[in-house]
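> Build the 3D model from these lines:
(2 chains)
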Amino acid sequence: MVNLKINGISVSVPEGSTILQAANAANVEIPTLCYLKGVNCAGSCRMCVVEATGARGLVAACVYPVSEGMEVQTNTPKCRQSRKMTLELLLSSHKKKCLSCLRNTTCELQRLSLEYGADEDRFAGENKETPLDTSSPFLIRDNDKCINCRRCVAACKNLQSVEAIGPIGRGYAVHIGAAFERPTIESNCVGCGQCIVACPVGALTEKSNTDAVWKAMADPDKKVIFFTAPSVRATLGEEFGYPVGTNVEGKMVAAIRRLGNVEVFNMDVTADLTILEEANELVERITKNKPLPMFTSCCPGWIKFMEHNYPEMLGNISTCKSPQQMFGAVLKTYYCEKNDIDPDKLFVVSVIPCTAKKYEVGRSEFHKDVDVALTTRELARMIKTAGIKFNELPEEQYDDPFRIATGGGAIFGATGGVMEAALRTAAHMLDGKFEMIDFKEVRGVNPIKEAKYKVAGITVKVAVASGLANARKIVEAVKSGKKDYNFIEIMACPGGCINGGGQPTLSDSIRNSSVDLCGLRSKALYNLDKKMELRASHDSPTIKMLYNEYFEQPGSHKAHDCLHTEYTPREKY
Amino acid sequence: MKGQNLGFQGTPEQAEKLKKVIEEHKSTPGCLMPVLQEAQAIYGYLPIEVQTMISDGLGISLSEVYGVATFYTQFSLTPKGKHRISLCLGTACYVKGADKILAALEKKLGVKCGECTVDGLFSLDSCRCVGACGLAPVMMIDDDVYGKLNVDMLDDILQPYREGKK
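Coordinates of the predicted model:
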């Protein structure tokens, strides 16, 4: 351990720690901008400058290592002056359209400028007028708001190993973009949105679809259906001041109901449905010697990643549609037929933690079954626009017939959740007497998890990875024959959907602290699972109803037509 | 800067050469720079086709290759002409009116700085100090140095290249 003092406060930290980590341990906050815990540590923005004994001039706390007996001052006139100057220089060429910026009030540059009293007009910099990149259905890049912190580049490279974007050019001309200035949609971007949640300012935002939803709700010819993904209940509360990890399912349903004349369904239902189809497919692949391992298919970012990078392995991905697309298909077939509704008049809105799902709804093979995918952030904005006092709302339940789902469906939103839900059902399919419900080995936010289970005399070898960089490790290990699994769950975002690219962007001061965001959010889902009477997807009465009334049995001809899909090989770049 | 699209015309021999270069450097850390330099020597410039070959060969993402290629002025994304004009815009040349020479060259050749004429005869680039400040303003065409330039001299200088005498 190394002993040092931060602003006179004694603190001991492990050798090799940075001043920033030591300050965190001493409960002293140092402002940061380009630093993001677990994502980017470059020491380039100079916001975190401090004075330290033994150092010449100001040093960047995020990269400067501590030493024995060091005395650090974080709040001297020199530090404050330097930080203020840094902010004013950044603001000199920043597009200051703060009022209409989606990051207004959650922008780190704005927050720090206020704290340091920076004058946005002190220096008149060059104001470029770079066209927005609106080419993709999931994100908008406004490089005139970009501060070149590279957090998006680091997220794309370090977390996701996608490397769709990088810095281009030099000096004042440097900007972030895809190789050869390709628009996002023509690049190998998978749409995961981790760059959006990494961005400290408004340079990267989701492409908002709220207007289309307001319009549909105002159209008397349209019947508007909302359904919410498993993880949204665990994160939406953050937008309304609830502590991280609060399950606000009841208030969320009540809030959506108050947006207009809509029905609110539970997407956990089609998570359960996915499990039935996927478990059936797994059992079939295992017992009939079809291609193994089988990869899960519920994550559209992961699907696009495979289409670009490993087209030769598309046959190993489950053919099941994602729960979002299954829901769209169920609504526009079964639900419309049963209720005698013209599918063209049904306007289907999914609320999801994800930006890649905005891409997924537009894939031609899905025929617009889901009209619009809204992120958690967009739903929060709609609730605020509608003047709904979220915190005062009663707890309400989803609408029938898609109300009741199981714990298996709920945990879909966290890494390992799809695997566990699938194992509950697959084990039951292989051995009707198998009673295990908790598969704890696949839980937790570790990037890669492995386990073996013995069911009906068969050893089922499974692996779970989240974050595409970890997914790539698994795929490479499988490809080279180093690892041998039967079933692999992949979620593109680190920690799973609870940390998706469409989730609330919490402030850096929370994200850089010791708060375990993924852990707390996923705990909300596992707590829900634990207290539910129905834990395994195949026990759901809603699922039984769907098969009895429409799909006959998992893997049936009708199920294949409606609930399964295929994939498209794509260029690497 | 986006590459000027004059159509990529790489030959199998060039591709073979580049492949060899990549194999030679592959295992050395930080090999991207030398590979880009040699690739530029082979092709004269670094179009997307060449950068993709380098990216695939070295296992470095295309965005990173492109980032390095656009960072250094020594790399060109546009093809170079048969004759390469390089005008010094260093301090001494600049105060002696190199900006006017550049404007005149751009007008005469019908290209912007960094581009290549459609007939492929000339490419025009600027550089920083060729070490002949006493002759400012200075330009080089291929390996020949022309000093104490003024706008009126340019036609006479370009003429022999146009006639194929140089």
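
> Could you export the lowest-mean-pLDDT helix or strand in chain B as PDB, CA atoms only?
Counting by mean pLDDT, DSSP states H and E, chain B has its least confident helix or strand at strand B:122-127, which shows a mean of 92. Extracted in PDB, the C-alpha atoms of strand B:122-127 (Å, rounded to 0.1, in the frame of the first residue of the first chain):
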ATOM      1  CA  PHE B 122       1.000  16.800 -62.500                       C
ATOM      2  CA  SER B 123       0.100  16.500 -58.900                       C
ATOM      3  CA  LEU B 124       0.300  19.600 -56.700                       C
ATOM      4  CA  ASP B 125       1.300  19.600 -53.000                       C
ATOM      5  CA  SER B 126       2.700  22.000 -50.500                       C
ATOM      6  CA  CYS B 127       5.600  21.200 -48.200                       C
END
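
> Show me what that strand is packed up against.
Contacts defined by 3 or more Cβ pairs under 8 Å, 6 or more residues apart in numbering or on different chains; DSSP states H and E place strand B:122-127 against strand B:83-88, helix B:98-109. Heads up, the C-betas are built off the backbone N, CA and C, glycines and all.

> per the record, what domains does chain B have?
Domain assignment of chain B by automatic domain parsing yields the ranges B:12-71, B:83-162.

> For the top helix by length along chain B, name the packing helices and strands.
The single longest helix within chain B, with elements called by DSSP state H, is helix B:12-25. Helices and strands touching helix B:12-25, by 3+ Cβ pairs under 8 Å, 6+ apart, are helix B:32-43, helix B:48-58.

> closest to chain A out of those?
If you check each of these against chain A by Cβ to the nearest Cβ, helix B:48-58 wins as the nearest, at 5.3 Å.

> Write out the residues of chain B neighbouring chain A.
Proximity of chain B to chain A (Cβ under 8 Å from any Cβ of the partner chain) is limited to residues B:1-3, B:48, B:51-52, B:55-56, B:61-67, B:70-73.

> list the contacts for the residue in the stretch 201-350 of chain A that chain B sits nearest to?
Residue nearest to chain B within the stretch 201-350 of chain A (Cβ to the nearest Cβ): A:Asn309, separated by 11.0 Å. By Cβ atoms under 8 Å, 6 or more residues apart in numbering or on different chains, A:Asn309 lies in contact with A:188, A:472, A:475, A:572.

> what would the residues you listed look like in JSON lines with secondary structure and pLDDT?
Compiled in JSON lines, the contacts of A:Asn309 are given as follows (DSSP: H, G, I helix; E, B strand; the rest coil; pLDDT from 0 to 100):
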{"residue": "A:Asn188", "secondary structure": "coil", "pLDDT": "96"}
{"residue": "A:Arg472", "secondary structure": "helix", "pLDDT": "98"}
{"residue": "A:Val475", "secondary structure": "helix", "pLDDT": "97"}
{"residue": "A:Lys572", "secondary structure": "coil", "pLDDT": "88"}
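
> CSV for the residues you listed, including neighbour count and distance to A:Phe305?
Shown next, in CSV, are the contacts of A:Asn309 (neighbours: other Cβ atoms under 10 Å in any protein chain shown; distance: Cβ to Cβ, whole Å):
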residue, neighbour count, distance to A:Phe305
A:Asn188, 25, 9
A:Arg472, 18, 8
A:Val475, 23, 9
A:Lys572, 13, 11
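
> thinking again about what came up before, please enumerate residues in contact with the longest helix of chain B?
Around helix B:12-25, the neighbours that count as contacts under Cβ under 8 Å, 6+ apart are B:31, B:34-35, B:38-39, B:42-43, B:50, B:53-54, B:57-58.

> how far off helix B:48-58 does that helix point, in degrees?
Put simply, helix B:12-25 runs at 30 degrees to helix B:48-58, going by axes from the mean of the first three to the mean of the last three Cα atoms, to 10 degrees.
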